[in-house]
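Undergrad: Below: sequence and its predicted model.
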Amino acid sequence: METEALSIRPFTDQVFKRPYLIAGPCSAETEEQVMSTAAQMAEQGIKPDLFRAGIWKPRTRPGSFEGIGRPGLSWLKKVKEEYGWKTTVEVANTQHVFDSLKAGVDVLWIGARTTVNPFSVQEIADALVGVDIPVLVKNPINPDLSLWIGSLERLKKAGITRLGVIHRGFSAFGKSIYRNLPRWEIPIELIRQFPELFIICDASHICGNRPGLWEVAQRAMDLNYDGVMLETHCNPDAAWSDAAQQVTGSGLKSILDRLTIREEKSADPKFIDNIEDIRHQIDVIDSEVLNMLGERMKLADKIGMFKKLNNISILQSGRWNEIIEKSHEKGKKLGLSEEFITKILTAIHEESIEHQERIMIES
Ligand code: PEP
Ligand code: MN
């Protein structure tokens, strides 16, 4: 089925070099802090495509800094006047939209805690009817692709023609090296369905710390994202929000300098020839894998019939553990991780149970 584009115009007509850069503090705290953050970036020769700052901060727990509010918008205006950089803020309700538009903010973004709530997203969409401004939608905090797409659809219906997304990771209970798990497969599926969407990786909120930022940003570049969002603060350790993940102007520069930017395509005929040859070999193997899976399921049907006739249960956990263990051992020699082997075998096993179940209930 053909999907209809969500963004019907390119997100930006600015000429930019990948990565499209959104940088600036997590929160606008004081005029001095906003201006010296911008100054630090400029001193490093960095010109962000968008200068960001949170004005209203949706905090998970009450009692932490909840944003400076309206006065902060005039500091962003000052950054724009002094440096010529476009600005972006997070909006979560009608008042935020009106205040931001009045202050000349160039791009709006919807935060992860807002994307989860269709009432809030609809309220923002309604406030934007008749307004021509690009909007970026962060992924919802839970790994729900439909909810993410639904928010984009609400904005499109309200007449927003330039839409983009920000991948900031997904909440999970328990310890992890990430503040928010990247779950790269979710944004990859979004872009498969809507290849026209402009996509930014918010490495700061995925990592929650400084040391991991480069690797996540590099992964995003390798996956052909358009850009990155990196929270930047003149004095990160003293930041009023997200202190652990913000970088200074020079910290930002060193991340950007270390990024390798790869192209999606090459015009070199030798490269094209080589890659086509390898892709052909992959297609042959993929088709063989599918044929073999088909054969394997025929055997599952057969064994299902046999178990049925002898009144034996479908699942025998001893047998299943044996398969997993043997395969881990074999996989190791083939350079396949245990995680991959478990994932793929679990999927095969589930399908096989499904087949046997069907045989069992057939009269
Ligand atoms: C932010 O960008 O500062 C922010 C609050 O992000 P998120 O909505 O991704 O938590
Ligand atoms: Mn933040």
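TA: It's in. Ligands and ions are numbered 1, 2, ... in the order given.
Undergrad: Run through the residues of the chain sitting next to ligand 1.
TA: Neighbours of ligand 1 within the chain, by C-beta under 6 Å from any ligand atom: 26, 54, 111-113, 138, 168, 202, 205. C-beta: built from backbone N, CA, C; applies to glycine.
Undergrad: hmm, try it at 5 Å
TA: 26, 54, 111-112, 138, 168, 205 (C-beta under 5 Å from any ligand atom).
Undergrad: Let me know the closest of those residues to residue 269.
TA: Among those, residue 168 lies closest to residue 269 (C-beta to C-beta), at 39.8 Å.
Undergrad: Spit out the contact partners of the closest one.
TA: 112, 138-139, 180, 202, 205-206, 229 (C-beta atoms under 8 Å, 6 or more residues apart in numbering).
Undergrad: repeat that with 10 Å
TA: By C-beta atoms under 10 Å, 6 or more residues apart in numbering, the residues touching residue 168 are 111-112, 115, 138-141, 179-180, 182, 187, 200-206, 229.
Undergrad: Just give the number of residues close to residue 44.
TA: Neighbour count for residue 44, taken as other C-beta atoms under 10 Å: 18.
Undergrad: Same question for the one 10 residues further on.
TA: Number of residues near residue 54 (other C-beta under 10 Å) recorded here: 25.
Undergrad: from what I can see it touches residue 73, true?
TA: No: contact criterion C-beta atoms under 10 Å: residue 54 and residue 73 do not qualify, at 11.5 Å.
Undergrad: which neighbours do the two share?
TA: Shared contacts of residue 54 and residue 73, counting by C-beta under 10 Å, 6+ apart, come down to 28, 89.
Undergrad: For residue 147, I want the exact helix or strand it lies within.
TA: helix 145-157 (DSSP states H and E).
Undergrad: Looking at that helix now, give me its mean pLDDT.
TA: Helix 145-157 comes out with an average pLDDT of 98.
Undergrad: now swap in stretch 167-182 and tell me
TA: 95.
Undergrad: Quick check: end-to-end length of it?
TA: Using C-alpha to C-alpha, to the nearest Å, one end of stretch 167-182 lies 8 Å from the other.
Undergrad: Just want the residue of the stretch 201-350 of the chain that's nearest ligand 1.
TA: residue 205 (4.3 Å; C-beta to the nearest ligand atom).
Undergrad: just to revisit the earlier point, filter the residues of the chain next to ligand 1 by proximity to ligand 2?
TA: By C-beta under 5 Å from the ion, the members of the residues of the chain next to ligand 1 lying near ligand 2 are residue 26.
Undergrad: Restricted to strands, list the residues of the chain next to ligand 1.
TA: Under the assignment DSSP state E, the residues of the chain next to ligand 1 contribute residue 138 to strands.
Undergrad: Between the residues of the chain next to ligand 1, which sits nearest residue 287?
TA: Residue 287 lies nearest to residue 168 out of those, by C-beta to C-beta, at 37.4 Å.
Undergrad: Could you check what's spatially nearest to the residue of the stretch 1-150 of the chain at minimum distance from ligand 2, not counting adjacent residues?
TA: Nearest to ligand 2, among the residues of the stretch 1-150 of the chain, is residue 26, at 3.3 Å (C-beta to the ion). Nearest residue to residue 26, sequence neighbours excluded (C-beta to C-beta, 6 or more residues apart in numbering): residue 242, at 4.0 Å.
Undergrad: okay, now the domains of the protein?
TA: Domains of the chain are assigned by automatic domain parsing as 20-258, 269-361.
Undergrad: How far away from the center of its chain is the longest one?
TA: When distances are taken as C-alpha atoms, centre = their mean, to the nearest Å, domain 20-258 is centred 12 Å away from the chain's centroid.
Undergrad: Tell me where this structure has helices.
TA: Per DSSP state H, the chain carries helices over the ranges 31-43, 71-83, 94-102, 112-115, 118-127, 145-157, 185-193, 203-207, 213-222, 249-258, 269-309, 317-334, 338-361.
Undergrad: Looking at the ones you listed, spot the one closest to residue 59.
TA: helix 112-115 (9.0 Å).
Undergrad: what sits up against that closest one?
TA: Applying C-beta under 10 Å, 6+ apart, the external contacts of helix 112-115 come out as 58-60, 90-93, 96, 120-121, 123-124, 137-142, 144, 147-148, 150-152, 165-166, 168-171, 180, 202, 205.
Undergrad: now do 6 Å
TA: 58, 92, 120, 137-138, 140-141, 151, 168 (C-beta atoms under 6 Å, 6 or more residues apart in numbering).
Undergrad: Out of those residues, which is nearest to residue 263?
TA: Using C-beta to C-beta, the contacts of helix 112-115 come closest to residue 263 at residue 168, 25.5 Å.
Undergrad: Could you check how far residue 230 is from residue 160?
TA: As judged by C-beta to C-beta, to the nearest Å, residue 230 and residue 160 stand 25 Å apart.
Undergrad: Between the two ends of stretch 132-144, how far is it?
TA: Separation of the first and last residues of stretch 132-144 by C-alpha to C-alpha is 28 Å.
Undergrad: ok, of the domains of the chain, where does mean pLDDT dip lowest?
TA: Of all those, the minimum mean pLDDT falls on domain 269-361 (a mean of 92).
Undergrad: Which single residue of the chain ends up nearest ligand 1?
TA: Going by C-beta to the nearest ligand atom, ligand 1 is nearest to residue 111 of the chain, at 3.1 Å.
Undergrad: pretty sure that residue is touching residue 90, no?
TA: Yes: taking contacts as C-beta atoms under 6 Å, residue 111 lies within contact range of residue 90: 4.7 Å.
Undergrad: got a list of contacts for stretch 288-300?
TA: Under C-beta under 6 Å, 6+ apart, the answer for stretch 288-300 is 352, 355-356.
Undergrad: Buried residues, that stretch. List them.
TA: By neighbour count on 16 or more other C-beta atoms under 10 Å, the buried set for stretch 288-300 is 297, 300.
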